[in-house]
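# Prediction below, plus the sequence it came from.
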Amino acid sequence: MSETIAVIGGGPAGLMAAQVLSAAGRRVTVYERMPSLGRKFLMAGRGGLNLTHSEDFRPFLGRYGPAGKALKPILEAFTPADLIAWARDLGQPTFVGSSGRVFPESLKASPLLRAWLARLSAQGVTFRTRMTWTGWTSDGALAFENGEAVRPAATVLALGGASWARLGSDGAWAPVLTSQGVALSPFEPANGGFTVDWSPVFRERFAGQPLKATAITHGRRTVRGEAVVARYGIEGGAIYALSADLRAAVAAEGSTAIEIDLRPDLSVAQLAARLDRPRGGQSAATFLRKAANLSPLEINLLRETHGVALPADLTGAIKRAPLRLTGLQGIARAISTAGGVRLDAVDQQLMLKARPGVYVAGEMLDWEAPTGGYLLQACFATGAAAARAILARPPGGE
């Protein structure tokens, strides 16, 4: 058996595992099926690379929902502050945006990835691209599509979820692990949009336009943020933050309703005072634009949700615009996926119970989180955790 450690997958989780291991003097080879490394990472940075979030740890952990309990020690061991320090050490200082999100000053992923790969190369990491892992041979070696078989001292699997197949994350590893007795949860779309039966006129006029500074309520949860009208329905950060609950409700009931507060910064009394003025000969649209500063999109959204003849209670209509979601977009359109290797299929060190010496990191694990830096933070943190677990293993130990 080689003393080299194999990391399969060249995204954030795999590269962080490689960094921690190689910094400790271990020999590491990263195997990546695509022609280059970090493709989804680069895509995530196209609109500004959101590395992590600056909020306090307790609400931060809450973004991971039921998986938060298992992820807590992992995120405590590699915190947002640690991720910020890591980026700074690579010559990429960060800043906190108005929403609390943390970005590199360059806003781009490419400078950070270049510096990272240079650091890994300097630490002796070997990269093998166009290497598709297919499982294990009958005698336990790692098998690759080109016929190679490798016997590492330990293995980190960091193959991503099932979204963005063209960037390498297609979930093709799932049957391989299932055949080894590894328990998996089915893949489901996360951070994706939901279907709304817009009127044709509204769809044609407003698709692609944002609803800024809204508060969206589903059940007992309210999330503030931005949503975007899509031709098929609605998407955006505030929707993504609720997506797990929305997905479950649509699956159970066939549809579900949300309420949109178009003026969350105004109390009911404050908004009512603005609307308590003579309308004169103004149309409803002109009155709402002047009195409540509503945009054409917002005014027409009120007509979509309350009817063309708006209710007499305009304050209530603006603060509680009901919208029914009738379906969700599939994995192909999702930013990330829920599902994957169940957390009870790994031990506290992220080692597969069914395959001793094999560790799992990143989006392969069955956790989900909204956009806003939470996805990357957990990928980095689980990669670091898997590497530290390997370093803590006794020689030849399981």
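Nice, thanks for sending it over.
# where's the closest residue to Ile84 other than its chain neighbours relative to His306, distance?
With C-beta to C-beta, 6 or more residues apart in numbering as the criterion, Ile84 has its nearest non-adjacent residue at 5.2 Å, and that residue is Thr94. C-beta: built from backbone N, CA, C; applies to glycine. Plainly put, Thr94 is 43 Å away from His306 if you go by C-beta to C-beta, to the nearest Å.
# circling back to that earlier point, the residue nearest to Ile84 and Trp86 touch, don't they?
No. Under the criterion of C-beta atoms under 8 Å, Thr94 is not in contact with Trp86, lying 10.0 Å apart.
# Restrict stretch 355-372 to CA atoms and write it as CSV.
Provided in CSV are the C-alpha atoms of stretch 355-372 (Å, rounded to 0.1, in the frame of the first residue of the first chain):
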residue,chain,number,x,y,z
ARG,A,355,-15.4,1.4,4.1
PRO,A,356,-12.8,2.0,6.8
GLY,A,357,-10.1,4.4,5.7
VAL,A,358,-12.4,6.2,3.3
TYR,A,359,-13.6,9.7,4.3
VAL,A,360,-16.3,11.9,2.7
ALA,A,361,-16.4,15.7,2.5
GLY,A,362,-18.3,18.5,0.9
GLU,A,363,-21.6,18.4,-0.9
MET,A,364,-21.5,14.6,-1.1
LEU,A,365,-22.8,14.5,2.5
ASP,A,366,-26.5,14.9,3.2
TRP,A,367,-26.7,18.5,4.3
GLU,A,368,-28.0,21.6,2.7
ALA,A,369,-27.8,25.3,3.3
PRO,A,370,-29.0,28.5,1.5
THR,A,371,-26.7,30.6,-0.6
GLY,A,372,-24.9,33.4,1.3
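# and it, which residues are buried?
When burial is assessed from 16 or more other C-beta atoms under 10 Å, stretch 355-372 yields the following buried residues: 355, 357-372.
# Sort out which of those are in strands and list them.
Val358, Tyr359, Val360 (DSSP state E).
# and which of those residues is nearest to Val346?
Distance ranking of these against Val346, using C-beta to C-beta, places Val360 first at 5.7 Å.
# Show the contacting residues for the closest one.
By C-beta atoms under 8 Å, 6 or more residues apart in numbering, Val360 lies in contact with Val156, Leu157, Ala158, Val341, Val346, Leu350, Met351, Leu352, Thr382, Ala386.
# how about a cut-off of 6 Å?
Val360 is in contact with Leu157, Val341, Val346, Leu350, counting by C-beta atoms under 6 Å, 6 or more residues apart in numbering.
# out of those, which one sits closest to Arg151?
Leu157 (15.7 Å).
# ok so Lys212 is a helix residue?
No. With DSSP: H, G, I helix; E, B strand; the rest coil as the criterion, Lys212 is strand rather than part of a helix.
# got the contact list for the closest residue to it other than its chain neighbours?
Spatial nearest neighbour of Lys212, chain neighbours left out: Glu226 (5.4 Å); criterion: C-beta to C-beta, 6+ apart. Listed by C-beta under 6 Å, 6+ apart, the contact set of Glu226 reads Pro210, Lys212, Gly236, Gly237.
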